[in-house]
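Student: coordinates for the following, if possible.
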Amino acid sequence: MEPPFAPNSRVAGAKEHCIRARLFLRLANQQQGESDAYRLRIAAISACRAIVEIMLEAAETQEVAGHKSGNPKADRDSYEITLAGLPHYKLIEHIRIHDFHRFGLIPTDKAFQAVFVGGPIKMTAQRGGVSIVLGERGLEVTTSGNSRVHMQRILIEDDGKFLDEQLGRHYPPEAIVDEFLKEVCSKIEEFEGATES
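Tutor: Residues are numbered from 1 along each chain as shown. I've put the predicted structure just below:
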């Protein structure tokens, strides 16, 4: 089965999203208002996730050398393992999901301290209890009995900074994008080599 696009079209698309992410950051730094700067930084994060999605889609459609087993889901998953070490990989995914599908991220008013916790979080108490407390390093869960908590792609934002649960620290959007872009270029080069005919 022929892929729907020439492999270099996906490479060009990934590179384009790198350009957009950098453009959004430059424009954010030129803004007078913090709200518009925030919006542009979130757009930069979305462009970062788009880079990954383009490459994962190529693996799923059997376009990436070394990831052509004939099982599209398994090939996507195995290729994702090679990308998951990028800085803030999971955090970028969670930001994009919350911004596009769950709530839409909005700038905070600097006159107030604002904390946002996005879920879903499902708590089931069975012969015991469940408590969730927001601490400096994320959500702290305590259960007793047969009680349990199921969390899916949690996002914690504290005054415009996002918690990277893997690192246990909060990062402003511009740092998330900057650190990601510093390393994703080499992944795009590897991707380009793996998708050439």
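
Student: for the residue of the chain most remote from its centre, give me its contacts.
Tutor: Distance from the C-alpha centroid of the chain, by Cα atoms, centre = their mean, peaks at residue 127 (36.5 Å). With contact set as Cβ atoms under 8 Å, 6 or more residues apart in numbering, residue 127 has these partners: 145-147. All C-beta spots, glycine's among them, are computed from the backbone N, C-alpha and C.

Student: just residue 99 next, same as before
Tutor: 42, 45-46, 105.

Student: am I right that it is in a helix?
Tutor: Yes: assessed by DSSP: H, G, I helix; E, B strand; the rest coil, residue 99 belongs to a helix.

Student: and for residue 95, the neighbour number?
Tutor: 24 (other Cβ atoms under 10 Å).

Student: now name the helix or strand holding it.
Tutor: helix 89-97 (DSSP states H and E).

Student: quick check: buried residues in that helix?
Tutor: Of all the residues in helix 89-97, those buried under the rule 16 or more other Cβ atoms under 10 Å are 89, 91-97.

Student: OK, contacts around residue 176?
Tutor: By Cβ under 8 Å, 6+ apart, the contact list for residue 176 reads 45, 48, 87-88, 91-92, 95, 162, 164.

Student: let me see the mean pLDDT of stretch 27-45.
Tutor: Stretch 27-45 carries an average pLDDT of 95.

Student: quick one: contacts of it?
Tutor: Everything outside stretch 27-45 that qualifies as a contact, by Cβ under 8 Å, 6+ apart, is 20-22, 24-25, 92, 95-96, 99, 105, 107-108, 110, 160, 172-174, 176-177.
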